[in-house]
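Enquirer: Got a predicted structure plus its sequence, pasted below:
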Amino acid sequence: MALPNWFLLQAPPNLNIDVKAWKKLAWNRVQLLEKLPNNPSQVIRDYFPTYDEEINQIYEDYRLGAYLLRLVAATNSRLESWLIEVEGDLFEKLYYDRTESIEQKLEIYRQVFGEKNILKYEEFKDKMDEEHNEYLAELYQKYHTSRSRAKGDFLLCVYFSKVPWMVSQRKGYLRKGWVVSNEFSFRGVLKKAFEKKLEEEITKAQDLLGIREDIDNVVQNLEQDLSKHVQIRSQYSGGELEGQDLFLHPEVFPPCMLQLYFEFEKTGRLVHVQRLQMGFFLKKLGMSVNEQLHFWYEKSVDNVGQTFSEFQRSSGYQIRHLYGLEGGKKDYNVPQCSTIATGYFCPFNHLAPAILTEFLKENYYTTKKKLKILNSQLNSLISVSGSNPTQACSQYFRLIYNRSFYRKIVHPLQWTRFAMKIEGLTLQQASEN
Amino acid sequence: MNISKRRNELQDYYSNAFDVNVLSQVIDFSSFSTREFGFTGQSGKFFRNISFETPNALQDFLIDRCPTNAYIGAVYDNPPSREQPIHTLEWKGHELVFDIDLNDYDAVRKHVCDCTGAGQVCLRCWQLINVSISLIDETLRRDFGMTEIIWLFSGRRGVHGWVRDSITFDLDRDQRQSIIDYLTVIKGEDEKARVQDRKQLKYEFRKRTELTIFKYSLKDVRRKDLVNLGLSGSAATKIVNQLKHQEGKVDDNLIRRFNKNLASVNKYDEVLRRWAPRIDHKVTIDLRRLLRMPMSIHGKTGRIAQILDLDIVFEFNPEDQPSIFSDIQIEE
């Protein structure tokens, strides 16, 4: 096996370790990852010795620390994005600085892209088995006459399905499904592929959770500490409910957002202002810009025929705009109820009475008793909905939660905050779920 | 148009002439029961999320319901149905497909033939489709190493390509898009579409593209076409005479001469813009797309979506294809 010792994609063979010591190893890894952006070369020199009496132990400890972080990442999607990003950067740096031989490089490519998707140029040539090939002649001539050929560069063949970007850009020579090019030109896609592979490994790591209580405890413990400690680079804007996964709890959405959410789930389509309204709301519930990009991409029917990268380039602009990352770079708030009633979508104002009645009856209700109370009040509620939607909404809130003392609802986030309080849904619980 | 008469004609076709086993040339029967099918009913209503346990059940359905159009979709983890529509199921795979339609050439077709109006098709403008088939087929085989490629007449004004190689079955959108990008040498759809810089194309692909395009664009070319393209009168005459002398055969010499003439008047890009493949990329990268079922009937023309024999594909004329609808034959 020619893999360099710093390459830690596989799980450690043995997990018989004191959990306290294990946690410490994970923290060491966090420190290393945090120091990396400031002075990468120094970090590599300090942390990754090429010779040491205890070199095997050092790298084994790294493996254990990295693996515990993966277990933690498997329980928290934000920590997962952070870990993939920083581990990707570390991998890239180590690959540049600490991979000496061609055999080692080839082995890393095999690990990242899969054994059967990598060929050495000689193997590829044998496989082609053609007497005269102008194609290969051009490739060989270009490669060997290139003045800019870097030291240690070599010809490499990767199966086309693993490197779509190289195929799109015609970066390599394509022959019988193999993209042939010099190793340097594959480096950009290698990092991306490593990150993808790491994501798979994190998903795999989930299998270990829920088996051993001591591991579960240390993971939970570390997850809480890391959530506070790590500066996640995903871009949020301000907001009182920020940072929680409340968007996974539609039961605390106000009627306007719930109706839009259902409408979008059902039809895959919303009109522009409704998309804005929901986008602002989801942002304030703690959805990161990446999560929101995926949310709209996966559920919308208008992106049929678009790749995710195309979607990011086109519709992604609007989503990044919501977060103040494009255009005027303004961090928008969720509009308040009076604005929603006139310029956006408010079910009390915009739905026909019959449809509104049906919607109000179908959602939020958990007991027959509550439904009975609603039925008795429904007519008066519907009668005020057209003239004073905010009052109707507040009245509805009081009815479904059976609380008479709550103030008038004037903002969608206010509904969510009140509902959380009554449901006993604390911010902590919300993020755990 | 007599609906009940057409229904009878469809029923007659699906019970006597249609062999459901032909589909095995395009799709793998081992996952037949979890594959989605879609149809347009006699009322014109489109319905999808339908699956069949066996190919024979599909044929029975076709005979019984006589849909005006029949389509094949992707394979899922469970059989799609009205209760379990495809968006609730896990996508398992779809063959790599290509859709080439003459509609996409409307902006440049006027330079190629005398067809007027979008609905018209002639043998000369069908050469645009032939160029695409030839180039895509060869590139997929040589550059991508694919072997099981079937071309299908869509029943109206285009063709569909189906690649059955197992490696293509679970390609994701980005991977499918990358193949389209590789095959596409023009960007844009109108007359001013940008042509990819020659230097960016690898030698063999560039040579293949030039050879194929020149070969088909010179076939049956008229002097006035060449003059309109910008060639001098004498150069155009020489090419037409040489073609006549060679009994219409386009050889390497002629291609070289044409290439030289084009370069001298700076019209190389213009020829590529007119003749390069225009693939409807949305069809290729849409993983849940329904595509016309081979050997089914096109509801508007009554023509069969037949599998094309690549050896004689270039003699194929869509206008010569018979329609099973007797009223259409009378109109023609």
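Expert: That came through, no problem.

Enquirer: Where does the prediction get shaky in chain A?
Expert: Along chain A, segments meeting pLDDT under 70 span A:1, A:129-136, A:138, A:142-150, A:231-245, A:304-305, A:328-329, A:365-366, A:404-406, A:424-433.

Enquirer: domain ranges for it?
Expert: A:19-102+A:192-229, A:114-185, A:236-433 (automatic domain parsing).

Enquirer: Just put those domains in CSV and tack on mean neighbour count and distance to B:G38.
Expert: The way it works is simple: take the backbone N, C-alpha and C, and place the C-beta from them, glycine included. Listed next are those as CSV, based on neighbours: other CB atoms under 10 Å in any protein chain shown; distance: least, CB to CB, whole Å:
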stretch, mean neighbour count, distance to B:G38
domain A:19-102+A:192-229, 17, 33
domain A:114-185, 16, 28
domain A:236-433, 17, 15
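
Enquirer: helix, strand or coil for residue 64?
Expert: All of this is about chain A. Under DSSP: H, G, I helix; E, B strand; the rest coil, the three-state class of A:L64 is helix.

Enquirer: Go ahead and confirm it touches A:K24.
Expert: No: A:L64 lies out of contact with A:K24 (CB atoms under 8 Å); the separation is 10.0 Å.

Enquirer: Going by length in residues, pull out the top helix of the chain.
Expert: Using chain A. For chain A, the helix with the greatest residue count under DSSP state H is helix A:77-98.

Enquirer: Actually, chain B is the one I wanted.
Expert: Max-length helix for chain B by DSSP H is helix B:123-142.

Enquirer: want to throw the domains of chain A into a markdown table with distance to B:S31?
Expert: As requested, those are exported to a markdown table (distance: least, CB to CB, whole Å):
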| stretch | distance to B:S31 |
| --- | --- |
| domain A:19-102+A:192-229 | 25 |
| domain A:114-185 | 20 |
| domain A:236-433 | 23 |
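
Enquirer: Now tabulate these in JSON lines and tack on distance to chain B.
Expert: Formatted as JSON lines, the domains of chain A follow (distance: least, CB to the nearest CB, whole Å):
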{"stretch": "domain A:19-102+A:192-229", "distance to chain B": "11"}
{"stretch": "domain A:114-185", "distance to chain B": "4"}
{"stretch": "domain A:236-433", "distance to chain B": "3"}
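
Enquirer: returning to that earlier point: list the helices and strands the longest helix of chain A packs on?
Expert: helix A:19-35, helix A:40-47, helix A:55-73, helix A:187-205, helix A:213-229 (3 or more CB pairs under 8 Å, 6 or more residues apart in numbering or on different chains; DSSP states H and E).

Enquirer: got the contact list for B:N56?
Expert: B:V20 (CB atoms under 8 Å, 6 or more residues apart in numbering or on different chains).

Enquirer: Check which helix or strand it maps to.
Expert: Per DSSP states H and E, B:N56 falls inside helix B:55-65.

Enquirer: Pull up the pairing partners for the helix or strand just after that helix, direction included.
Expert: Per DSSP H and E, helix B:55-65 leads on to strand B:69-76 as the next helix or strand towards the C-terminus. Using DSSP bridges, strand B:69-76 pairs in its sheet with strand B:35-40 (antiparallel), strand B:91-93 (antiparallel), strand B:291-292 (antiparallel).

Enquirer: for the ones you listed, which one sits closest to A:L258?
Expert: strand B:91-93 (28.3 Å; CB to CB).

Enquirer: who's in contact with the helix or strand following the closest one?
Expert: Using DSSP H and E, the helix or strand that follows strand B:91-93 in sequence is strand B:96-101. By CB under 8 Å, 6+ apart, the list of residues contacting strand B:96-101 from outside reads B:129, B:132-133, B:136, B:146, B:154, B:157-163, B:165, B:168, B:171, B:176, B:179, B:277-280, B:283-284, B:289, B:291.

Enquirer: how about the closest residue to A:V163 other than its chain neighbours, what does it touch?
Expert: Leaving aside its chain neighbours, A:V163 sits nearest to A:V189 (5.0 Å; criterion: CB to CB, 6 or more residues apart in numbering or on different chains). A:V189 is in contact with A:162-163, A:165-166, counting by CB under 8 Å, 6+ apart.

Enquirer: And these, which two are furthest apart?
Expert: Top of the distance list for the contacts of A:V189 (CB to CB): A:K162 and A:W165, 10.2 Å.

Enquirer: okay, the angle between the longest helix of chain A and helix A:213-229?
Expert: With axes from the mean of the first three to the mean of the last three CA atoms, to 10 degrees defining the directions, helix A:77-98 sits at 90 degrees from helix A:213-229.

Enquirer: For helix A:77-98, C-alpha coordinates in PDB please.
Expert: As requested, the backbone C-alpha atoms of helix A:77-98 are provided in PDB (Å, rounded to 0.1, in the frame of the first residue of the first chain):
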ATOM      1  CA  SER A  77     -25.500  19.300   9.300                       C
ATOM      2  CA  ARG A  78     -23.800  22.700   9.900                       C
ATOM      3  CA  LEU A  79     -20.800  21.000  11.500                       C
ATOM      4  CA  GLU A  80     -20.800  18.600   8.600                       C
ATOM      5  CA  SER A  81     -20.400  21.500   6.100                       C
ATOM      6  CA  TRP A  82     -17.700  23.000   8.200                       C
ATOM      7  CA  LEU A  83     -15.800  19.800   8.500                       C
ATOM      8  CA  ILE A  84     -15.900  19.000   4.800                       C
ATOM      9  CA  GLU A  85     -14.700  22.400   3.900                       C
ATOM     10  CA  VAL A  86     -11.700  22.500   6.300                       C
ATOM     11  CA  GLU A  87     -10.700  18.900   5.800                       C
ATOM     12  CA  GLY A  88     -10.800  19.600   2.100                       C
ATOM     13  CA  ASP A  89      -8.400  22.500   2.500                       C
ATOM     14  CA  LEU A  90      -6.100  20.400   4.600                       C
ATOM     15  CA  PHE A  91      -6.200  17.500   2.100                       C
ATOM     16  CA  GLU A  92      -5.300  19.900  -0.700                       C
ATOM     17  CA  LYS A  93      -2.400  21.300   1.100                       C
ATOM     18  CA  LEU A  94      -1.000  17.900   2.200                       C
ATOM     19  CA  TYR A  95      -1.400  16.600  -1.300                       C
ATOM     20  CA  TYR A  96       0.700  19.400  -2.700                       C
ATOM     21  CA  ASP A  97       3.300  19.400   0.100                       C
ATOM     22  CA  ARG A  98       3.500  15.800   1.300                       C
END
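
Enquirer: what's the angle from it to helix A:19-35?
Expert: 70 degrees.

Enquirer: wait, B:N49 sits on B:P79?
Expert: No: judged on CB under 8 Å, B:N49 makes no contact with B:P79 at a distance of 9.6 Å.

Enquirer: neighbour-wise, which of the two wins?
Expert: B:N49 (20 against 17; other CB atoms under 10 Å in any protein chain shown).

Enquirer: Can you list the neighbours in contact with the helix or strand encompassing that one?
Expert: In the assignment (DSSP H and E), B:N49 maps to strand B:46-50. Outside of strand B:46-50, the residues within contact range by CB under 8 Å, 6+ apart are B:36-41, B:71, B:73, B:80-82, B:84-86, B:290.

Enquirer: and these, which are buried?
Expert: B:36-39, B:71, B:73, B:80, B:86, B:290 (16 or more other CB atoms under 10 Å in any protein chain shown).

Enquirer: Surely A:V86 and A:L33 touch.
Expert: Yes: using CB under 8 Å, A:V86 makes contact with A:L33 at a distance of 4.3 Å.

Enquirer: got the helices and strands packed on helix A:77-98 as TSV, with distance to B:I150 columns?
Expert: Shown next, in TSV, are these (distance: least, CB to CB, whole Å):
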stretch	distance to B:I150
helix A:19-35	51
helix A:40-47	52
helix A:55-73	45
helix A:187-205	31
helix A:213-229	52
